[in-house]
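**Student:** here are the coordinates; sequence isn't available:
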């Protein structure tokens, strides 16, 4: 979806995750996961794919890592359709991101 904070959609960028940038304010980004665009099985690479897609989306929408965001709030983690155990593991990996704060919101 395109809006004033997003000029290129996840589908246009051929991503696996359908991200929608909801808000950018004071170095905080609110991003919603609408759905999966590919059928990915959860494994040790899943979080890496998620982060690659997220950063690529932000780069392609002209957000600069050093200046434009310090916190990214991710909404609708449940739309990833992960098992409870996998979701817990996935959310624990948010703490491994050191360049900015990655937070799960519902």
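**Tutor:** Looks like it came in fine. Predicted model, so just to flag it, every value in this text is computed and none were measured. Residues are numbered from 1 along each chain as shown.
**Student:** In three-state terms, label the spatially most central residue of the chain for me.
**Tutor:** Compute the mean C-alpha point of the chain, and by CA atoms, centre = their mean the closest residue is residue 54, 4.3 Å away. Three-state assignment for residue 54 (DSSP: H, G, I helix; E, B strand; the rest coil): helix.
**Student:** Excluding covalently adjacent residues, which one is nearest to it?
**Tutor:** Once flanking residues are discounted, residue 54 sits nearest to residue 19: 6.5 Å by CB to CB, 6 or more residues apart in numbering. C-beta coordinates here come from the backbone N, C-alpha and C atoms, glycine included.
**Student:** re earlier: so the residue nearest to the centre of the chain makes contact with residue 72?
**Tutor:** Yes. At 7.5 Å, residue 54 counts as touching residue 72 under the criterion of CB atoms under 8 Å.
**Student:** Give the residues shared as contacts by these two.
**Tutor:** Common contact partners of residue 54 and residue 72 (CB atoms under 8 Å, 6 or more residues apart in numbering): residue 31.
**Student:** Any chance you could list what contacts the lowest-mean-pLDDT helix or strand in the chain?
**Tutor:** In the chain, no helix or strand scores lower on mean pLDDT, DSSP states H and E than helix 65-68, which sits at a mean of 84. Helix 65-68 has contacts (CB under 8 Å, 6+ apart) with 24, 27, 29, 55, 58-59, 99-100.
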